[in-house]
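> no sequence on hand, only this structure:
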């Protein structure tokens, strides 16, 4: 697939993989998708959708699996609930309910079988076509960048794609003992402080084999050439088709062949809702940051910690 080295076409589409079984949260996720676990008063996946919309992506494809129907229901109209709230003149909650169905044009496709993130992205090809697109992992909630609060990470990644072409991944520096939990990148600097060229990617390396401490986190902007690569990508670690392996191939390619791969160095706040401890931390931090909850919750937390300490 031949592409221009710099693509000024506006990126409109985002892919949100949401087919995981959520086994870490059983039994809560036996009948409820892990993506619907609440972070204060919104399901985690709604924050991801709002992030995509804020970055200008209005066409979203959810890659789902069995038992994910409640995700579709959440982003659909709920006429009986809306009418009940209207009759009670509860305009605040009525607005919140209606807002979820008006966020974006949301579409759905089933992955069918759990064959990895790369396979989930490949399932999006009929919808995405030959356009560049974003991928947002629903376990990762992204806060502001400590160095640039005016630009979200995703917006910055889209800007880098439009200026340089290729694919763009988000990189965050992690402690050495955590590199084996992520895909890690070998990088070369560019003339721009927060942008690097990715020369290699290793999925979940041993600490002494990691090319750097810059880990791939759950935001990607992909050139459509990734689909051709994914079709030819053999299952990797865990018997799954890894998106990291496909991006590693694109990192070696010329612009006319869908390469290269750039990284945006992110130094802001990332919240992982994929495991219990980090999920609880996320709920607490989001609640404390809320002006309607924080002033009451924070003093209680301080007293709670004092008594337990």
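On my side now, so go ahead. Here the structure is a predicted model, which means the values were calculated and not measured.

> next, count neighbours for the residue lying closest to residue 142 once chain neighbours are set aside.
Nearest residue to residue 142 in three dimensions, chain neighbours excluded: residue 153, at 5.2 Å (CB to CB, 6 or more residues apart in numbering). Where C-beta positions appear, they are placed from N, C-alpha and C, glycine not excepted. Neighbourhood size, residue 153 [other CB atoms under 10 Å]: 23.

> so what's residue 153 up against?
142, 145, 170, 219, 264, 266, 268 (CB atoms under 8 Å, 6 or more residues apart in numbering).

> can you rerun that using 6 Å?
Contact analysis of residue 153 by CB atoms under 6 Å, 6 or more residues apart in numbering lists 142, 170, 219, 266.

> and residue 207, by the same measure?
Contacts of residue 207 were listed using CB under 6 Å, 6+ apart, and they are 176, 179.

> give me phi/psi at it?
phi -50, psi -40 (degrees, to the nearest 10).

> could you do the one 3 residues further on as well?
Torsion angles at residue 210 (phi, psi; degrees, to the nearest 10) stand at phi -70, psi 140.

> same question, residue 263
Dihedral angles for residue 263 - degrees, to the nearest 10 - are phi -120, psi 140.

> residue 221 too?
The phi and psi values for residue 221, taken as degrees, to the nearest 10, are phi -120, psi 120.

> that one - how many residues pack around it?
Neighbours of residue 221 using other CB under 10 Å come to 26.

> tell me the bridge partners for it.
Beta bridges link residue 221 to residue 134, residue 168 when assigned by DSSP bridges.

> name the element residue 184 belongs to?
Residue 184 is located in strand 183-189, with elements delineated by DSSP states H and E.

> beyond that strand, next helix or strand please.
strand 195-203.

> next, the contact list for residue 233, please.
Counting by CB under 6 Å, 6+ apart, residue 233 touches 118, 241, 245-246.

> let me know the closest of the contacts of residue 153 to residue 272.
residue 142 (10.6 Å; CB to CB).

> beta partners for the closest one?
Assigned bridge partners for residue 142, using DSSP bridges, are residue 270.

> give me the neighbour count for it.
23.

> how near is it to residue 30?
Here residue 142 is placed at a distance of 28 Å from residue 30 (CB to CB, to the nearest Å).

> please apply the same query to residue 79.
Residue 79 sits at a distance of 28 Å from residue 30 (criterion: CB to CB).

> which stretches in the stretch 101-250 of the chain count as helices?
For the stretch 101-250 of the chain, applying DSSP state H, counting those that start in this stretch gives helices covering 117-122, 125-128, 153-164, 226-231, 243-251.

> related to what we said a few turns ago, let's see if you can find the most crowded of the contacts of residue 153.
residue 219 (28 neighbours).

> how about the contacts made by the closest residue to that one other than its chain neighbours?
Spatial nearest neighbour of residue 219, excluding adjacent residues (CB to CB, 6+ apart): residue 170 at 4.1 Å. By CB under 6 Å, 6+ apart, the contact set of residue 170 is 153, 217, 219, 264, 266.

> show me the two of those that sit farthest apart.
217 and 264 (10.2 Å).
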